[in-house]
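Trainee: sequence-free structure coming up:
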């Protein structure tokens, strides 16, 4: 739709002055033919005048719009040239329909200029909206990336905590096993020690109070102990 309006605007700028310059070219042709009486000279004169005036009008209107959109102070100079163009047509074609067409031509240029100004503003608004949308999309992407990084960091922290807890539990288990083994070794060693102590103090010779490690050793000693008390038999014989 925008391209259609642009095409119509430029078409109006070309066709609207055509009618006016035809009247102007006919006026030039009539004047030249009346003075020279030569048609072959009057015809190119009329065509050249019409085309020249048309080109001045189009060029003046185009420069006026372009400089005005740029906010250039020289736009007033182009507007002044456009006013001279219209004044020439009005003076030369006063009292005819061609004068009205010269007055319509500037209106077309003003409308086309306004249309281009509106299109330019819409273009700026579209650019701003596009930049805003790009910024929002970029911000959303950054937020998503940040959320992904935070989640990854959280998972890493949870993994580190689980590993530290597992190492701690393994350490506690190992310490319990070592303590259990130490207690078991202590329990196994205590009966052996307690079993030797009474054996060393229980087998004592009653005569000489000598200690022996076993009963057999004590009995063997008793046979030859010099401190043993003599035993008197029934027939009066003494036995050691």
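Mentor: In hand now; what should we look at? In this text the structure is predicted, and so the values were computed from the model without any measurement.
Trainee: in the protein, which ranges drop under the pLDDT threshold?
Mentor: For the chain, applying pLDDT under 70 flags the ranges 1-2, 188-202, 226-240.
Trainee: make it 50
Mentor: For the chain, the stretches with pLDDT under 50 are 192-201, 231-240.
Trainee: Packing partners of the helix ranked longest in it?
Mentor: For the chain, the helix with the greatest residue count under DSSP state H is helix 97-202. Applying 3 or more C-beta pairs under 8 Å, 6 or more residues apart in numbering; DSSP states H and E, one finds that helix 97-202 makes contact with helix 2-36, helix 39-69, helix 75-92. To be clear about C-beta, it is placed using only N, CA and C from the backbone, and glycine gets the same treatment.
Trainee: and stretch 216-224, which residues are buried?
Mentor: Using 16 or more other C-beta atoms under 10 Å as the test for burial, stretch 216-224 gives 218, 221.
Trainee: Residue numbering should commence at 20 henceforth.
Mentor: Yes, from this point I'll number from 20; that puts the last item at stretch 235-243.
Trainee: just how off-centre is that stretch within its chain?
Mentor: Relative to its chain's centre, stretch 235-243 lies at 102 Å (C-alpha atoms, centre = their mean, to the nearest Å).
Trainee: Tell me which residues are up against it.
Mentor: 222-224, 226, 229, 231, 247 (C-beta atoms under 8 Å, 6 or more residues apart in numbering).
Trainee: From residue 131, how far off is residue 145?
Mentor: 21 Å (C-beta to C-beta, to the nearest Å).
Trainee: Looking at those two, which one has more neighbours?
Mentor: residue 131 (20 against 10; other C-beta atoms under 10 Å).
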